[in-house]
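[1] Any chance you can model this:
(2 chains)
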Number of protein chains: 2
Amino acid sequence: VKAVLVAVGSELLRPGRRESHSEHLTSFLEEIGLEVRCRRIVSDCAGEIVGALVDARRSPQVILVTGGIGPTRDDRTRLALAKALGRPLRLDPASEKAVRRWCRGHRFPYTAAQKRQAFLPAGARGLPNTIGSAPGIWFADPQGAVAVLPGVAAEMRAMLHGLAPRLRRLVGRQSLAGSTLHTAGRGESELDSRITPLSRDYPRVEVTTLASPGEVTIQLRARGRGARGQVARYRGQIARRLGADLVSEHGETLEEVVCQLLRRHRLRLATAESCTAGMVSARITSVPGSSRIYLGGAVCYNDRAKSRILSVPRQILFQDGAVSRRAALAMARGAAALTGAEVAVAVTGIAGPGGGTPEKPVGTIHWAVLSPFALLTRSGCLSGDREKIRLHATAVALDLVRRILLSKPRDRRERHC
Amino acid sequence: VKAVLVAVGSELLRPGRRESHSEHLTSFLEEIGLEVRCRRIVSDCAGEIVGALVDARRSPQVILVTGGIGPTRDDRTRLALAKALGRPLRLDPASEKAVRRWCRGHRFPYTAAQKRQAFLPAGARGLPNTIGSAPGIWFADPQGAVAVLPGVAAEMRAMLHGLAPRLRRLVGRQSLAGSTLHTAGRGESELDSRITPLSRDYPRVEVTTLASPGEVTIQLRARGRGARGQVARYRGQIARRLGADLVSEHGETLEEVVCQLLRRHRLRLATAESCTAGMVSARITSVPGSSRIYLGGAVCYNDRAKSRILSVPRQILFQDGAVSRRAALAMARGAAALTGAEVAVAVTGIAGPGGGTPEKPVGTIHWAVLSPFALLTRSGCLSGDREKIRLHATAVALDLVRRILLSKPRDRRERHC
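    Residues are numbered from 1 along each chain as shown, chains lettered A, B, ... in the order given. Model (predicted):
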């Protein structure tokens, strides 16, 4: 069974506003086994709401509507639902009782505006609202079901408990299985071509890839009997195929995996950043408890800071320049010496839009990672604007730390074989 | 003219995913004078995309589609658009040339998958993509216009520049006047109560406030004749009322304003961060050209790093603790000495979820700012989860730098009066 989310409210379409219900509702519906196929945000205009509902009811599914059922003039969802269903609005005695009770409890006069909240399309039922005044609406027919909840987050969330059993009855046993895999260091199309040959054996598993600078997330999903096993086997095959390019099989982020590896090896990290200027350290420390594995580091945005804080030899800055392999290596060494960390990562580069030269164009980045058992440098030219280059350089820095830490146990295993 | 946003991508409908383009696109369209009336997020399924496009084209408007135009199997927007328009897909020579050039530049083979990106519905034009491989699509007829952009944020944003003139021509002179004001250091409800009394004089100007940790954005909007003047006058009144709490009147971000002030005073900044661990430096350096005013600094995530890198006296760490006013001040002094900067900002605190004590609960933060003409410290307890506390602490740090720099010219003026 598919689900459609419709959020009603002109304010949700304003610049700078974020529609925040859908995230919560999507998780709620997925847990029940309902897959959200479409999400719509419409204004308070009745015509727009009717249009969205009529369109959603073209294929049989569950429609979850939020907002527009309060007592004010711009609350038009009740009327729109009645129109979309082709049914008249009728006063629901149970809902009226609930609204009256709410008004009494809050010492509000029971006005005509309040009373409007007790009207439902013929054949619909009220959903009790334990917090606010507006009862929700439940309507089901062979074309599917429609649930209408208030737009106020707390009321909406509280009413989901009452809604869950009704939805579960609709869905039956058709559960959904899913898995999220994170990768780093490879492009989306390369990963796609490595995974596609495997997909033939799992026709029921849907694969989605999602790229962000330097990282690609792979999502697997299947439904019906045996879905869980299919997804698990497919995930295993992908993991074997991708090897070290796979960051995690169970949704852990790159920074979480780096923290886990550092903890496992009892190593501590330091950072030395130029163009990323704190983005690597900010990502590492977004993981709770990272103070156990991260000591600190330096942000060196000009040459003098590089030599002053990280003791990068002036000769390197003069001969090779601040954006060079040798400077990156010296920065990593400096960060390790400064903090006493066993592992250090350094990034230096040109994020643009200014500062590029023919020899070192915008996007030129050098990375260096130092660890007790290996030393790694990488150089590259990243594309995109300033923000993308910085995000990409940050992801590569974290990924190189991950790869250097991964290489240790593997070496050991090979030695034992 | 109304606009509809359609975001394509099954991954956008997954739990835990946030659809992040619409915010940026809504602002972009509003500036041009297009009001977003509906937003839709649909899966990669071609039928769903076709359905959304056909439905949106029922009333004449501008449709902005993002996502689903890359080279992979699940990119189906091209095909869906052709179906929705009832026009065949044709190879566009200009787009083909662009894709070929991109492949050559990135040393990617020009495969059939890459070539697919150069197909457009008959009558459509390609929109150049300066960053990625996939050209966008522009189609206009009496029923309205459709623009298709890549789902990758950086590519999408870069392409908006090319799209703006086309949309402006459609909109004509029916413009929408708007203004964005940034504030920092005051809560949303406090600002609301300071602004509301002014609104009586400007009944046509709509006011929206939007809060993020430590900052509140105020948006003014009006349409029709005289709208621009109304908005400008209202903006001026708000600016006078808010004084130093106003960061900018014309949409400049807090970090941009800090950079401007530093440049104006010919001062350079250093940072010393503990709990924010690079978030202050990352925000400052997100501004292009910030290398002229930002030197660097230190991220000190443990006590030893604080004393080693920033020379915070051990006595302070022992007596007052690393999370204290005196430690913050010593960190700022250390950062200034280390980098040679004239202005230094330090943040130290407990972001949680662990590490809190009865005397210093999670959220306890101390800030210190040093400048040639003033010294400022602040202490507070921020609420929220780890991420919110870190974001809030970062905003306060930048705002304190802004306030200390603002205080200088004002003192002078007062002296002259």
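[2] which residues of chain A score low on pLDDT?
    Chain A contains residues with pLDDT under 70 at A:16-18, A:173-175, A:409-417.
[3] Pick out the residue of it closest to chain B.
    Using CB to the nearest CB, the closest approach of chain A to chain B is made by A:Gly278 at 2.5 Å. C-beta here means a position set from N, CA and C on the backbone, and glycine is covered the same way.
[4] just so I have it, where are all the helices in chain A?
    Remark: helices assigned in chain A by DSSP state H are A:21-32, A:46-56, A:77-85, A:93-105, A:112-115, A:153-171, A:188-199, A:227-242, A:254-264, A:279-284, A:303-310, A:314-319, A:325-339, A:386-416.
[5] Just say which of those is most tucked in.
    Burial of the helices of chain A is given as mean neighbour count (mean count of other CB atoms under 10 Å in any protein chain shown); helix A:279-284 ranks first at a mean of 29.
[6] Give me the distance between it and the centre of its chain.
    Taking CA atoms, centre = their mean, to the nearest Å, one finds the center of helix A:279-284 at 18 Å from the center of the full chain.
[7] swap in stretch A:314-323?
    Computed by CA atoms, centre = their mean, the chain-centroid distance of stretch A:314-323 equals 40 Å.
[8] Tell me if it is near chain B.
    No: legend: contact between stretch A:314-323 and chain B by CB under 8 Å from any CB of the partner chain is lacking; minimum distance shown is 10.5 Å.
[9] A:Val42 - nearest residue in space that isn't next to it in sequence?
    A:Glu48 (4.4 Å; CB to CB, 6 or more residues apart in numbering or on different chains).
[10] any idea how far the one you found lies from A:Val369?
    Distance, A:Glu48 to A:Val369, using CB to CB, to the nearest Å: 54 Å.
[11] for the residue nearest to A:Val42, what are its contacts?
    Listed by CB atoms under 8 Å, 6 or more residues apart in numbering or on different chains, the contact partners of A:Glu48 are A:42, B:37-38.
[12] quick one: which of those is most hemmed in?
    Greatest neighbour count in the contacts of A:Glu48, by other CB atoms under 10 Å in any protein chain shown, goes to A:Val42: 29 neighbours.
[13] mind listing what that residue touches?
    A:Val42 sits next to A:6-8, A:48-49, A:51-52, B:37-38 when contact means CB under 8 Å, 6+ apart.
[14] what do you get if the cut-off is 7 Å, keeping everything else the same?
    Going by CB atoms under 7 Å, 6 or more residues apart in numbering or on different chains, A:Val42 touches A:6, A:8, A:48-49, A:52, B:38.
[15] need those in JSON lines with distance to A:Leu329, can you?
    Output for those, formatted as JSON lines (distance: CB to CB, whole Å):
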{"residue": "A:Val6", "distance to A:Leu329": "56"}
{"residue": "A:Val8", "distance to A:Leu329": "57"}
{"residue": "A:Glu48", "distance to A:Leu329": "59"}
{"residue": "A:Ile49", "distance to A:Leu329": "61"}
{"residue": "A:Ala52", "distance to A:Leu329": "58"}
{"residue": "B:Cys38", "distance to A:Leu329": "54"}
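[16] Among those, pick out the one closest to A:Gln237, please.
    Among these, A:Val6 lies closest to A:Gln237 (CB to CB), at 38.3 Å.
[17] Tell me if I'm right that the closest one and A:Val62 touch.
    No: A:Val6 lies out of contact with A:Val62 (CB atoms under 7 Å); the separation is 11.2 Å.
[18] what does the stretch 101-250 of chain A put close to chain B?
    A:188-189, A:192, A:208-211, A:219 (CB under 7 Å from any CB of the partner chain).
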